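>>> below are the sequence and a predicted model; questions follow.
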Amino acid sequence: MTTTLAEWDEKIAPHLHGISAGANMCARHVGQLVYQPTFETLAFEDLQKLERLLSMALDKVQRARRDFREKPPGD
């Protein structure tokens, strides 16, 4: 399957931009977690869940990158 630059810009590029924006947003928000409060929160459990989620997302990105590299142009 071949695609034109215009089709790529319409169908693929928005997803890449969204992934990048989400990663940047995550990095910014994590930077705001500068101290542990004196009251009880679920923050630690939430961070554990987020770590698992981000780990799974990274695995998917790495797999997609490998798949992308292995495909010949036009497939």
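Thanks, I have it. Quick caveat, the model's predicted, so the values are computed rather than measured.

>>> residue farthest from the centroid of the protein?
The outermost residue of the chain, judged by C-alpha distance from the chain's mean C-alpha position using C-alpha atoms, centre = their mean, is residue 38 at 31.8 Å.

>>> can you list the buried residues in the lengthiest helix in the chain?
Using DSSP state H to define each element, the chain has its longest helix at helix 43-70. Of the residues in helix 43-70, none count as buried by neighbour count, 16 or more other C-beta atoms under 10 Å. Yep, even glycine has a C-beta here, placed from its N, CA and C like the rest.

>>> what packs against that helix?
The criterion is 3 or more C-beta pairs under 8 Å, 6 or more residues apart in numbering; DSSP states H and E, and there are no helices or strands that helix 43-70 contacts.

>>> now do the contacts for residue 9.
For residue 9, no contacting residues are found, by C-beta atoms under 8 Å, 6 or more residues apart in numbering.

>>> let me see the confidence value for it.
At residue 9 the predicted local confidence, pLDDT, stands at 94.

>>> element containing it?
Assigned by DSSP states H and E, residue 9 belongs to helix 5-11.

>>> off-centre distance for that helix?
With C-alpha atoms, centre = their mean, to the nearest Å as the basis, helix 5-11 stands 20 Å off its chain's centre.

>>> with stretch 10-19 instead?
12 Å.

>>> who touches it?
Outside stretch 10-19, the residues that touch it by C-beta under 8 Å, 6+ apart are 3, 61.

>>> now residue 19, what are its backbone angles?
Torsion angles at residue 19 (phi, psi; degrees, to the nearest 10) stand at phi -60, psi -50.

>>> residue 37 versus that one, what's the distance?
Computed as C-beta to C-beta, to the nearest Å, the residue 19 to residue 37 distance reads 31 Å.

>>> just to revisit the earlier point, okay, the residue farthest from the centre of the chain: pLDDT?
In the predicted model, residue 38 carries a pLDDT score of 89.

>>> nice, that's everything, thank you.
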